[in-house]
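Chemist: Coordinates for the following, if possible.
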Amino acid sequence: AVVSTQSTGVMSGGVVLKKPSAGHCTPEGLAQILKNKNNTKDLNYRALLYLLKTTCTGEDKSTYLSVLRNLSVIVALFDKDCEDVYNEIANLQWETQDKKCRETTKYFFISLISSQPFYTNKVIDRTIRNLCVVDDDMKIVIHETNLEILQFISEKMPTYMKFIQQKIVSNFPHKSRPLLDHQAYVTNILKLGEVIPSYLNEVIMTIMEKLVKIDIDIAQSPVSDNTELFSFEENRQTSTDEIAEKLDVILSDFLKYISTNSSEQNASSWCKVLLLAFDAHILKAHIPPNVPFVLFYFFNIQQSFKTVLLDYFWSVFADKNQPAIIRQCGMMYLASFTNRSKCVSKGDFKKIMLSTATWCHSYISNNDEVSVKCNHIAFYAACQSLFYMFCYRHREIFASSEYKMFLDKVDLHLIVYCKLNPLKHCNPHILRMFNKLTSMYEIVTCSAVIERNARMLLPSTQLMGNEEYPFKSCQLPLTSKFIQPFFRDMDCSSEFQSEFRTYKVSENFEDWDSVVGEVSIAMSPDF
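Modeler: Prediction:
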């Protein structure tokens with residue numbers, strides 16, 4: 001009997017439920033329970049649900065395993081009305097149980113979706129969602145059983161592959177979730193990409209997308225305001241420092257994974273997917289401060305592909321069909337990677353600088369008349385980046401005996417004195433350094449143009465978006481350990497080193513008096 005007045009069991013609806021008897025736990029008995037599930041007078045169905053909920057752990061685990069094995073035999077009876085049985089099994093965190101329990105549960109899920117495709121979406125969602133589960137010792141583990149279920153679905157039911165990809169994205173832990181959840185999820189979806197190579201690109205794109213969102217949220221987080229009228233503990237948001245720590249750990253783990261799993265054999269595939277991720281998620285994100293270092297790191301450890309990256313940045317800038325702000329970002333990434341990456345040689349640097357100058361010359365010859373309606377953002381971005389590269393690596397230019405020939409080709413004089421007046425629209429910090437260095441080397445005199453701009457209140461076409469160049473010194477401590485060996489600091493004298501430490505970049509691009517009047521000109525690698 002299932003209904004009893006004994007104290008054992010669980011009270012439900014005024015009666016005490018007992019576990020189904022041994023006869024009820026056979027395939028035949030369980031089949032009868034499922035057939036009578038809608039009979040309100042028969043409590044065996046409710047007792048079965050209680051058994052599944054309470055016997056996965058502890059001394060009764062053998063009963064749970066026996067029932068689950070027998071349920072696997074009769075999955076053909078699992079119609080939509082049996083969803084309660086599925087939910088009880090799905091809600092158990094059997095990932096943390098022993099191997100026998102995991103294998104038995106896996107076999108049940110595979111049998112279920114093979115017989116009843118209706119449950120496939122539910123199994124996929126539950127399996128991916130629980131990839132962030134850690135073990136009882138709070139350690140990250142590879143959930144091989146879950147991955148094997150997903151592998152079975154991908155191989156035997158390929159029509160569900162797109163749904164799996166969607167769930168990989170939607171089940172990514174929110175930034176407020178514990179760090180271990182993020183680490184476990186990223187670790188397991190990367191392992192899924194190894195088990196099922198067709199998912200690897202989607203996994204990498206997902207990780208990059210989520211990291212960019214976190215990075216942007218941190219960069220744009222306002223200073224905390226303690227003047228709120230009401231403050232509830234349960235509604236308190238995770239602090240920016242905690243989220244930054246999560247980003248640092250996840251990003252450093254991802255760089256470690258790239259270092260371990262990228263090789264000469266698969267470097268081309270990594271190059272392709274990282275550029276796709278950059279184009280889809282980073283390029284349009286107004287230069288996030290930290291995530292672009294993923295590309296910086298990869299193209300430094302796989303230096304044979306650096307030309308691919310440089311050509312890509314140039315193609316973004318040169319594409320007239322791109323919005324002005326995207327073209328500007330392409331040039332800023334090109335200039336900053338050229339300056340800060342040790343893999344960009346002196347020869348590469350001079351080629352890039354000369355190509356940029358040649359483009360500027362051509363633009364000037366085709367646009368010799370200034371028009372307020374004409375959008376010259378790309379030109380001003382190219383000029384500013386040209387000045388920036390000159391300032392950052394000027395010593396390498398003048399270390400060569402052929403520097404005069406090179407500078408004649410660059411022809412800074414033509415650019416500085418053209419009617420489009422690029423100095424008017426240049427970052428004041430870069431302008432100060434450029435003016436100082438060109439005067440010191442007696443290349444071109446900028447002070448006359450700067451003074452004229454200060455007297456004439458011309459409309460200024462400031463560069464759009466974030467004015468800071470990418471690949472600044474990484475402020476995430478764990479991530480910076482991967483970046484530092486490949487990072488080139490600005491080559492400036494100790495005289496200027498002490499000056500730029502105390503210099504604060506002015507945000508007012510119209511403050512030309514301060515540009516003209518300042519005698520000591522700071523030089524910083526972080527502008």
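
Chemist: all contacts plus neighbour counts: C-alpha atoms, from now on.
Modeler: Will do.

Chemist: Find the nearest non-adjacent residue to residue 34, please.
Modeler: With sequence-adjacent residues excluded and distances taken as Cα to Cα, 6 or more residues apart in numbering, residue 34 is closest to residue 45, at 6.8 Å.

Chemist: Contact partners for that neighbour?
Modeler: Residue 45 makes contact with 33, 34, 36, 37 under the criterion Cα atoms under 8 Å, 6 or more residues apart in numbering.

Chemist: what helix or strand does it sit in?
Modeler: Counting by DSSP states H and E, the element that carries residue 45 is helix 44-54.

Chemist: what about the helices in the stretch 351-500 of the chain?
Modeler: 377-392, 394-398, 403-410, 412-416, 428-441, 447-455, 477-483, 494-501 (DSSP state H, counting those that start in this stretch).

Chemist: Could you do the stretch 201-350 of the chain as well?
Modeler: For the stretch 201-350 of the chain, the helices defined by DSSP H, counting those that start in this stretch cover 240-261, 267-277, 293-301, 306-318, 324-340, 346-366.

Chemist: out of these, which comes closest to residue 61?
Modeler: Proximity to residue 61 (Cα to Cα) singles out helix 240-261 among the helices of the stretch 201-350 of the chain, at 36.2 Å.

Chemist: Off-centre distance for the closest one?
Modeler: 10 Å (Cα atoms, centre = their mean, to the nearest Å).

Chemist: Buried residues, that helix. List them.
Modeler: Within helix 240-261, the residues that qualify as buried are 240, 243-244, 246-255, 258, counting by 16 or more other Cα atoms under 10 Å.

Chemist: Against which helices or strands is that helix packed?
Modeler: Packing contacts for helix 240-261, counted by 3 or more Cα pairs under 8 Å, 6 or more residues apart in numbering; DSSP states H and E, involve helix 179-195, helix 200-220, helix 293-301, helix 477-483.

Chemist: so can I have JSON lines of these showing distance to residue 470, mean pLDDT and mean neighbour count?
Modeler: Output for the helices and strands packed on helix 240-261, formatted as JSON lines (distance: least, Cα to Cα, whole Å; pLDDT from 0 to 100; neighbours: other Cα atoms under 10 Å):
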{"stretch": "helix 179-195", "distance to residue 470": "25", "mean pLDDT": "95", "mean neighbour count": "21"}
{"stretch": "helix 200-220", "distance to residue 470": "13", "mean pLDDT": "94", "mean neighbour count": "19"}
{"stretch": "helix 293-301", "distance to residue 470": "9", "mean pLDDT": "97", "mean neighbour count": "20"}
{"stretch": "helix 477-483", "distance to residue 470": "13", "mean pLDDT": "96", "mean neighbour count": "17"}
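
Chemist: As TSV, those with distance to residue 158 would be great.
Modeler: As requested, the helices and strands packed on helix 240-261 are exported to TSV (distance: least, Cα to Cα, whole Å):
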stretch	distance to residue 158
helix 179-195	15
helix 200-220	16
helix 293-301	32
helix 477-483	38
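
Chemist: Compare these and give me the one nearest residue 333.
Modeler: It is, among the helices and strands packed on helix 240-261 and with distance given as Cα to Cα, helix 293-301, at 10.2 Å.

Chemist: May I have the closest one as CSV, with CA atoms only?
Modeler: Extracted C-alpha coordinates of helix 293-301, given in CSV (Å, rounded to 0.1, in the frame of the first residue of the first chain):
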residue,chain,number,x,y,z
PHE,A,293,44.3,42.6,-25.4
VAL,A,294,43.1,39.1,-26.4
LEU,A,295,44.1,40.1,-30.0
PHE,A,296,47.2,41.8,-28.8
TYR,A,297,48.3,38.6,-27.0
PHE,A,298,47.5,36.2,-29.7
PHE,A,299,49.2,38.1,-32.5
ASN,A,300,52.3,38.4,-30.4
ILE,A,301,52.6,34.7,-29.7
